[in-house]
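Peer 1: kindly generate the corresponding structure for this input.
(chains A and B)
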Protein chains: 2
Amino acid sequence: MSHGWAPPAHTGRAASQQGMRRQNLALVMTTVAAHGPISRAAVADRTGLTRAAVSSLVEELNSAGLLAELAAAPSGRVGRPGRALALSAQGPAGLGLEVGVGHLGACVVDLRGEVRVWRQVAASNRNRPPSEVLAELAEVSQRAVHEAQDMRLRPIAAVLAVPGLVGDVPGTVGRAPNLGWRDVAASELWSQELPLEVENEANLGALAELWQGAAATDFIHVSAAAGIGAALVVGGRLFRGARGFAGELGHMPVRPDGPACACGAHGCLEQYAGEEAVLRQAGLVRTEDAVHRLADRARDGDRRVLAALERAGRALGTTLAGAVNLVDPAAVVLGGAYAELGDWLLPVIRQELTARTLRPWQPEALLVSALGRRGPLLGAGMAAIRRIVEDPAVLRS
Amino acid sequence: MSHGWAPPAHTGRAASQQGMRRQNLALVMTTVAAHGPISRAAVADRTGLTRAAVSSLVEELNSAGLLAELAAAPSGRVGRPGRALALSAQGPAGLGLEVGVGHLGACVVDLRGEVRVWRQVAASNRNRPPSEVLAELAEVSQRAVHEAQDMRLRPIAAVLAVPGLVGDVPGTVGRAPNLGWRDVAASELWSQELPLEVENEANLGALAELWQGAAATDFIHVSAAAGIGAALVVGGRLFRGARGFAGELGHMPVRPDGPACACGAHGCLEQYAGEEAVLRQAGLVRTEDAVHRLADRARDGDRRVLAALERAGRALGTTLAGAVNLVDPAAVVLGGAYAELGDWLLPVIRQELTARTLRPWQPEALLVSALGRRGPLLGAGMAAIRRIVEDPAVLRS
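Peer 2: Take a look at the predicted model:
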């Protein structure tokens, strides 16, 4: 009977005064983030904290440079209006970085989640030495940071988006086949001062969608870059699975005896809806602008291209219907290259979802991301700043 | 930018003194559940609470009849050993109830999670009026409750396992096709005093496995009764999905153009591994003991039966591989009738999992449940008592 006792849902430790203050700092910060500009009195109303407690918490957040006080805000109460609180547009900021197969990127996001600096440069990173890639990325990053400093922004954490698997050791890339990377200690090769965290680009694309997109807090995000990247967002958080491998939609079987896949299995989704498979079916060769050419030809009515997209859409629809039956998300979002091919994919995927989901599925619950290929870099910048907002006490250490 | 702000992970409300006490009551209770018999000093060590706080919390739990004090326990400390704490074997208990297609069941589980009363009776419930079914269940239940009272156990909550979907309104069954039930207000038809909660049998089978079985806190549980029931357990909790429909493994597509399914789609897993499909392939008719006959004939080497089980195993393996790629559980558990057919299903499913999962998958991570068909009723009884252990403050109201 000692088996399976979970700690109480809210915490694994004893509640303490210190823990309470940390929790309440976060509560005030997220309340201002969600509802600001907002008066101290309204923060107290929304949180159930006393006004004295709110004042003390706000003072600490102010002195860490996290809040800004705006001009008088209407409080809806009798008496002198208080100054309204908002997240600061200066000070602590997040640095997003991206290594793509064909480009490098850096962005700076302020506490409010607004992108203040955005830089992307073309680069041929396939099979290029990681140290060289990261050295060039450092240059792009430094220019972005200088530009941010001119706006009185101070990046305090960096997140790097990579088209591959994060390694077991923090700050490392385990495998990124399209870059030719294997066990690369990115954070060690990173010459800059900021702590660097590495994250999979599909996960960051999904987070960007969560934070800035139209989808709710529970959805499957599926995007195509060199491979098929998917991520599950559950209750407003990334769902990583027991070992951190969740979201391998690209290797769900479409037909048990379908074409052989590079992974060793047969009939995986990637063999129907992966970039390479679609281009092969469409009779096109792989180039950096292949997706644009696919869209152009589909628009021109090229039958072979249309047939390749229909085949991809059917396979995506079948697989997504299985995924919907299994995890019951509120929405499915097509991102990355799929977003650019939505005109042709969407109707076919919707047909399959309608036919194959056991529970009623509204066609509108399949969305095309408005972020397109900006998702991963945007997600990286936002992830870097977001944890400060959700737990401001981390700045103390 | 007001979009997507999640409350801090640990709470949605301001931390309060009252909330802290509730949290700490739960912490002491779950610590005793996991590690008892245990001294007050050891509870203080494990939880980080002061000994004075532990004493006060223990006093409240004691007076609610939730803890028992045993004889002196070795504390590993110098001085007089304190009396050890354990969950009480008397007093508050949980009542589990089950309506199956061919049986009714009631059980009483004490706070320690031990089954003290277990009653199952055969009954032909297919297309029988719900009021009649529940009236007979009430008789079975009353006998079980009386038996429990003789052991000084007092059931304080009841959970009913049904082979169907829980309705939107608490206490109702939405659809249970194998019973012929549709929108049945079970808790209204329930004449007994105890509050009745309704839950899907597959969910309860998975919870029983979590609480008493060999699997860890993250697994997929798949069982066969009249249909295919599956449930996801994530982080020690049922994963219900955004709308409460998660776990429909039986309608994940195996072959997009496979046999027509009752759900309207084609090639669903149920058409390969559902009871009806397996019996049809095996050339057997459906009876209550069909699974035993399948096993007997397989043991005798009946080729048609062996082929039917192989076909079912391949389909289960393909589907489970897709599910593993998507949600990355630590284990997959076969329960219900599948557990009894494990000898023939297990090797084939393991082959498919090994061939089709992208990340290394250990054969031992596919388990056969030791609970067999006892799972749902056991899970119902444990669910009824478990929430008291995890949040003892609910007894106050």
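Peer 1: burial measure for residue A:354, as a count.
Peer 2: By the measure other CB atoms under 10 Å in any protein chain shown, the count of residues near residue A:354 is 17. Placement of C-beta: from N, CA and C, glycine included.
Peer 1: ok, residues contacting the host helix or strand of it?
Peer 2: Secondary structure here is read from DSSP states H and E; on that basis residue A:354 sits in helix A:342-356. Helix A:342-356 is touched from outside by A:295, A:298, A:306, A:309-310, A:312-314, A:316-318, A:320-322, A:324-325, A:332, A:334, A:338, A:361, A:363, A:366, A:368, B:251, B:253, B:264-265, with contacts defined as CB atoms under 8 Å, 6 or more residues apart in numbering or on different chains.
Peer 1: ok, of those, which come out buried?
Peer 2: A:295, A:298, A:309, A:312-314, A:316-318, A:320-322, A:324-325, A:332, A:334, A:338, A:361, A:366, A:368, B:251, B:253, B:265 (16 or more other CB atoms under 10 Å in any protein chain shown).
Peer 1: verify the stated contact: residue A:387 with residue A:237.
Peer 2: No - taking contact to mean CB atoms under 8 Å, the distance of 12.0 Å between residue A:387 and residue A:237 leaves them out of contact.
Peer 1: quick check: mean pLDDT of stretch A:195-210?
Peer 2: Model confidence over stretch A:195-210 averages 93 on the pLDDT scale.
Peer 1: buried stuff in that stretch?
Peer 2: Neighbour-count burial for stretch A:195-210 flags A:196-210 (criterion: 16+ other CB under 10 Å).
Peer 1: restrict those residues to contacts with chain B.
Peer 2: Of the residues in the buried residues of stretch A:195-210, proximity to chain B by CB under 8 Å from any CB of the partner chain holds for residue A:210.
Peer 1: partner strands of the one helix or strand in chain A whose mean pLDDT sits lowest and their direction?
Peer 2: Taking mean pLDDT, DSSP states H and E as the measure, the helix or strand of chain A with the lowest value is strand A:67-72, at a mean of 82. Based on DSSP bridges, the pairing partners of strand A:67-72 within the sheet are strand A:83-87 (antiparallel).
Peer 1: then the partner strand to CSV, C-alphas only?
Peer 2: Output of strand A:83-87 as CSV, limited to C-alpha atoms (Å, rounded to 0.1, in the frame of the first residue of the first chain):
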residue,chain,number,x,y,z
ARG,A,83,-1.3,54.6,-10.2
ALA,A,84,-1.8,51.7,-12.5
LEU,A,85,0.5,48.7,-12.7
ALA,A,86,1.8,47.2,-15.9
LEU,A,87,4.7,44.9,-16.8
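Peer 1: quick check: mean pLDDT of the very next helix or strand once past it?
Peer 2: Using DSSP H and E, the helix or strand that follows strand A:83-87 towards the C-terminus is strand A:91-99. Taken as a whole, strand A:91-99 has a mean pLDDT of 95.
Peer 1: ok, strand A:91-99 near chain B or not?
Peer 2: No - applying CB under 8 Å from any CB, one finds strand A:91-99 separated from chain B by no less than 13.4 Å.
Peer 1: what's that strand packed up against?
Peer 2: Under the contact definition 3 or more CB pairs under 8 Å, 6 or more residues apart in numbering or on different chains; DSSP states H and E, strand A:91-99 sits against strand A:103-110, helix A:130-150, strand A:153-162, helix A:375-390.
Peer 1: one more pass at 10 Å, please.
Peer 2: Taking 3 or more CB pairs under 10 Å, 6 or more residues apart in numbering or on different chains; DSSP states H and E as the contact definition, the neighbouring helices and strands of strand A:91-99 are strand A:103-110, strand A:115-122, helix A:130-150, strand A:153-162, strand A:196-200, helix A:201-212, helix A:375-390.
Peer 1: just the mean pLDDT for the biggest helix by length in chain A, thanks.
Peer 2: For chain A, the helix reaching the highest residue count under DSSP state H is reported as helix A:303-327. Averaging the model's pLDDT scores along helix A:303-327 yields 97.
Peer 1: how far does it sit from its chain's centre?
Peer 2: Taking CA atoms, centre = their mean, to the nearest Å, one finds helix A:303-327 lying 23 Å from the centre of the chain it belongs to.
Peer 1: can you give me the angle that helix makes with helix A:342-356?
Peer 2: Using axes from the mean of the first three to the mean of the last three CA atoms, to 10 degrees, one finds that helix A:303-327 and helix A:342-356 are set 40 degrees apart in direction.
Peer 1: do any residues in the helix or strand just after helix A:303-327 lie close to chain B?
Peer 2: Counting by DSSP H and E, the element after helix A:303-327 in chain order, helix or strand, is strand A:331-335. Yes - interface with chain B: strand A:331-335 contributes residue A:331 (CB under 10 Å from any CB of the partner chain).
Peer 1: what about the helix or strand where residue A:34 lies and chain B, touching?
Peer 2: Of the helices and strands defined by DSSP H and E, residue A:34 is found in helix A:17-35. Yes - with CB under 10 Å from any CB as the threshold, helix A:17-35 lies in contact with chain B, specifically through A:17, A:19-35.
Peer 1: derive a ChimeraX selection command for the buried subset of these.
Peer 2: Entered in ChimeraX, the line below selects the buried ones among the residues of helix A:17-35 next to chain B, by 16+ other CB under 10 Å:
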select /A:19,20,21,22,23,24,25,26,27,28,29,30,31,32,33,34
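Peer 1: ok, residue A:326 to chain B distance?
Peer 2: Shown here: residue A:326 relative to chain B, a distance of 6 Å by CB to the nearest CB, to the nearest Å.
Peer 1: not counting sequence-adjacent ones, nearest residue to that residue?
Peer 2: residue B:323 (5.8 Å; CB to CB, 6 or more residues apart in numbering or on different chains).
Peer 1: is it true that the one you found touches residue A:251?
Peer 2: No - no contact is recorded between residue B:323 and residue A:251 when judged using CB atoms under 10 Å, the distance being 11.7 Å.
Peer 1: what is in contact with the two at once?
Peer 2: Taking CB atoms under 10 Å, 6 or more residues apart in numbering or on different chains as the contact rule, residue B:323 and residue A:251 both touch residue B:357.
Peer 1: what's the domain layout of chain A?
Peer 2: Structurally, chain A divides into domains by automatic domain parsing as follows: A:17-87, A:91-201+A:376-396, A:214-370.
Peer 1: in a markdown table: these, plus distance to residue B:275.
Peer 2: As requested, the domains of chain A are exported to a markdown table (distance: least, CB to CB, whole Å):
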| stretch | distance to residue B:275 |
| --- | --- |
| domain A:17-87 | 49 |
| domain A:91-201+A:376-396 | 40 |
| domain A:214-370 | 17 |
